[in-house]
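S.K.: My questions are about this predicted structure, shown below with the sequence.
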Amino acid sequence: MKKEQKDSCHRLICKYRICPEGGRKTRLRNRIFQELQPFMVKWVSAILAKKSIYATEEEILSFSWDCFEFCLRRYKVNKPISVPGHFYSYTRFYLLKNVVYKEEGLEESNANIDSVEISPLNTIYEGLEELRSFRSILDPEYAMVFDDAIMSMHTKSKDKQYRQKESTLKQSKYKESKKLFKIMIDFLLRR
């Protein structure tokens, strides 16, 4: 999502929050959904597919709307989390709680879903989980480079590991792979 879109959505949500109940508030809500719908549909599809749950286009659109309403009610205009970050995290939580667990036949907890708050720590854990999943699909040669990239991002230089000599990759390929892994790791952890 581009910065202009993020800012536009944030402004619309702020207006929505202060708007009294009625037709104008409904139109604002619908406009916000129009802005976010392409992203919501992609996120819902990806989250469900990752859990091996495949839905029709109509079901995905319906889930997108349900997730959107859930996310919109919980959006805090004064918090530093971005619109897409908030909506993605809450969409994932909503789908896991209401679709995936029911699909897998897992028992729901007694907690009320409306009282749940998702902290920025949850998004960090999601990033770590994505890093772990990504590493698990790498060839052992590149997994070593990935580990080296993570360790080289550590602030204490004495703890850094240099595993280039253990690798069979050429020096230029090793360094380029490490550089790309560092960019990807930074992106997943900061988003």
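M.R.: Yep, it's here.
S.K.: ok, the residue of the chain most remote from its centre - contacts?
M.R.: Centroid-distance maximum for the chain: K165 at 35.5 Å, with C-alpha atoms, centre = their mean. If you count contacts by C-beta atoms under 8 Å, 6 or more residues apart in numbering, K165 has none. Just so you know, the C-beta spots here come from the backbone N, C-alpha and C atoms, and that holds for glycine as well.
S.K.: Mind checking what secondary structure it has?
M.R.: Under DSSP: H, G, I helix; E, B strand; the rest coil, the three-state class of K165 is helix.
S.K.: D186 versus that one, what's the distance?
M.R.: K165 sits 25 Å away from D186 when distances are taken as C-beta to C-beta, to the nearest Å.
S.K.: Show me the chain divided up by domain.
M.R.: 3-115, 120-190 (automatic domain parsing).
S.K.: Provide a list of residues in contact with R27.
M.R.: Neighbours of R27 in contact, by C-beta under 8 Å, 6+ apart: none.
S.K.: Kindly report the same for F33.
M.R.: 40, 65, 68.
S.K.: Please repeat the previous calculation with a cut-off of 7 Å.
M.R.: F68 (C-beta atoms under 7 Å, 6 or more residues apart in numbering).
S.K.: Give me the mean pLDDT for the strand or helix carrying it.
M.R.: Per DSSP states H and E: F33 is located in helix 23-50. The average pLDDT for helix 23-50 rounds to 90.
S.K.: and if you look at stretch 74-91?
M.R.: Stretch 74-91 comes out at a mean pLDDT of 84.
S.K.: Quick check: which ranges of the chain have low pLDDT?
M.R.: Along the chain, the model assigns pLDDT under 70 to residues 100-126, 154-164, 190-191.
S.K.: Go again with 90.
M.R.: 1-11, 13-25, 46-57, 59-60, 71-191 (pLDDT under 90).
S.K.: can you give me the strands for it?
M.R.: With DSSP state E as the definition, the chain shows no strands.
S.K.: where does K51 fall, phi/psi-wise?
M.R.: phi -100, psi 10 (degrees, to the nearest 10).
S.K.: Also T56?
M.R.: phi -70, psi 170.
S.K.: What about it, how many residues nearby?
M.R.: 8 (other C-beta atoms under 10 Å).
S.K.: So it versus C67, what's the distance?
M.R.: T56 sits 16 Å away from C67, going by C-beta to C-beta.
S.K.: how about C71, what does it touch?
M.R.: Per C-beta under 7 Å, 6+ apart, neighbours of C71: 86-87, 90-91.
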